[in-house]
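Peer 1: 3D, please:
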Amino acid sequence: MGGGQGGGQRRQRGGGGFGGGQPVQGTVTAAAADKITIQTEAGESYTVTVATDTRVMRDRQPIKITDVKVGDGMTAMGTVDATAKTVAAMMVTDVDAETVKKAKEDLGKTYITGKITAIDADNLKLTVMRTDNVSQVIAVDEGTSFQRGVRGITVPSMFGGGFGGGRGGGGMGRNGGGAGGQVAGGGGGAGAQGAPPAESITLADVKVGDTIVATGAVKGGLFTPVKFGVSEPAAGRRRGAAAGDGQTVAPAAPVAPPGPPQ
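Peer 2: Have a look, this model is predicted:
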C-alpha cells in the first residue's frame, strides 16, 4: 500500500483501527499536498503528515487533502511525536473555516464547553474555563435543565473528531467520548439503540472540576443554559459514541498534546 513505512507504523500503533491512535487538534495554518500544519489551542504548532492510505474526512464524507484550507479546524489521529511536534496521521477530520469562525463567534453566547472553576450557588452563577482558554461567568435559573452526560445536547464543532470505532463525533461525559469532538467534522455518532435517557441532576450535583457542554442564550448580560450536561473530568476524557443519535457535540476540554510514546 502507498503509505510506506510510515503507514505501517501507524497501523501497528493504531492496533488495526482508528481508536488506538492519539489525537491532536488545532487550526490549520499551512496546507500542502502531503502535510498540514496546525496550531493547537495551547499555541503549539504540529506538522501532520499524510500518506496515500490516510483517511481525510469532513461532514462524515471523504475529501481530498487538497480540500483542506488555512483556517480550517482539524483533528489528526495517528502516531504523535511530542518532541518533534509531528503527527503521522491515520485519519484527519476537517471542519471548514466558515464553520469554525461561526462556532467561535457563538461560543459563550449560544453554547459553552469547558471546565467549571468556581461555583456561586447563592447567586446561581458558575465560572467556566472555556475550551478556548477564556474564563466566563454564566448563570443558571429555573429554566436550566441539568443532566449527567450530553445526550441530546447539540453544539457546533471547531475541530472535527470522533474516532471511536469510526462512528462517533467527539463528545464528553458518560455518554460520549473525549474532545474530538472534538466534535464533529466526523459528525456525532449514533448512540446505542434503546439507550436510556440522560440522568437528571441538580445544581447541587455540579462540582468544581466538572466538564460541561451547555446550550442556551444570553440573559441579563450572562449566558444562561437551557440544557446543561456535566460529567467528571475522568469520564470526559473517554472516547466513544457521541451523545445522542446523530448528535454533534463539542469536546469536553481542549486536547493537550500527548507525551512522548512509551
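Peer 1: Thought residue 157 was touching residue 104, still the case?
Peer 2: No: at 11.1 Å, residue 104 does not count as touching residue 157 under the criterion of CB atoms under 8 Å. In short, each C-beta sits where N, CA and C put it, glycine included.
Peer 1: next SSE after the helix or strand of the chain with the lowest mean pLDDT?
Peer 2: For the chain, scoring each helix and strand by mean pLDDT, DSSP states H and E identifies strand 179-183 as the least confident one, at a mean of 35. Using DSSP states H and E, the helix or strand that follows strand 179-183 in sequence is strand 199-201.
Peer 1: Adjacent strands (with direction) for that next one?
Peer 2: Sheet pairing here is set by DSSP bridges, and for strand 199-201 it gives strand 145-148 (antiparallel).
Peer 1: Quick one: mean pLDDT for the strand it pairs with?
Peer 2: Mean pLDDT, computed over strand 145-148, is 96.
Peer 1: Also stretch 49-59?
Peer 2: Here the average pLDDT along stretch 49-59 is 93.
Peer 1: what does stretch 31-40 give?
Peer 2: Stretch 31-40 carries an average pLDDT of 92.
Peer 1: again, but for stretch 67-79
Peer 2: 95.
Peer 1: Same check on stretch 155-162?
Peer 2: Stretch 155-162 comes out at a mean pLDDT of 76.
Peer 1: Same question for stretch 122-139.
Peer 2: 96.
Peer 1: And it, end to end?
Peer 2: End-to-end distance for stretch 122-139: 11 Å, by CA to CA, to the nearest Å.
Peer 1: Could you do stretch 60-80 as well?
Peer 2: OK, stretch 60-80 end separation, CA to CA: 23 Å.
Peer 1: Flag every buried residue along it.
Peer 2: Of the residues in stretch 60-80, 60, 63, 65, 68, 72-80 count as buried by neighbour count, 16 or more other CB atoms under 10 Å.
Peer 1: For residue 104 and residue 157, indicate the residue with more neighbours.
Peer 2: residue 157 (30 against 14; other CB atoms under 10 Å).
Peer 1: Wait, the more buried one touches residue 96, no?
Peer 2: No: contact criterion CB under 8 Å: residue 157 and residue 96 do not qualify, at 10.7 Å.
Peer 1: Can you pull the residues that touch both of these two?
Peer 2: With contacts defined as CB atoms under 8 Å, 6 or more residues apart in numbering, no residue is adjacent to both residue 157 and residue 96.
Peer 1: In the stretch 51-200 of the chain, what residue spans correspond to helices?
Peer 2: Ranges of helices within the stretch 51-200 of the chain are 97-106, based on DSSP state H, counting those that start in this stretch.
Peer 1: Could you give the bridge partners of residue 25?
Peer 2: With DSSP bridges as the rule, residue 25 is bridged to residue 75.
Peer 1: what's the burial count for it?
Peer 2: 30.
Peer 1: Okay, now the unreliable bits of the stretch 151-262 of the chain?
Peer 2: The stretch 151-262 of the chain contains residues with pLDDT under 70 at 161-196, 232-262.
Peer 1: contacting residues for the residue lying closest to residue 218 once chain neighbours are set aside?
Peer 2: The spatial neighbour of residue 218 that comes closest, neighbours along the chain excluded (CB to CB, 6 or more residues apart in numbering), is residue 109 at 5.8 Å. Applying CB under 8 Å, 6+ apart, we find residue 109 in contact with 217, 218, 223.
Peer 1: Make a PyMOL selection of the buried ones in those.
Peer 2: With 16+ other CB under 10 Å as the criterion, this PyMOL line picks the buried residues out of the contacts of residue 109:
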select buried, resi 223
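Peer 1: Narrow the buried residues of stretch 60-80 to those in strands?
Peer 2: Per DSSP state E, strands hold the following members of these: 73, 74, 75, 76, 77, 78, 79, 80.
Peer 1: was I right about the first one contacting residue 39?
Peer 2: Think residue 73. No: contact between residue 73 and residue 39 fails when scored by CB under 8 Å: they sit 10.7 Å apart.
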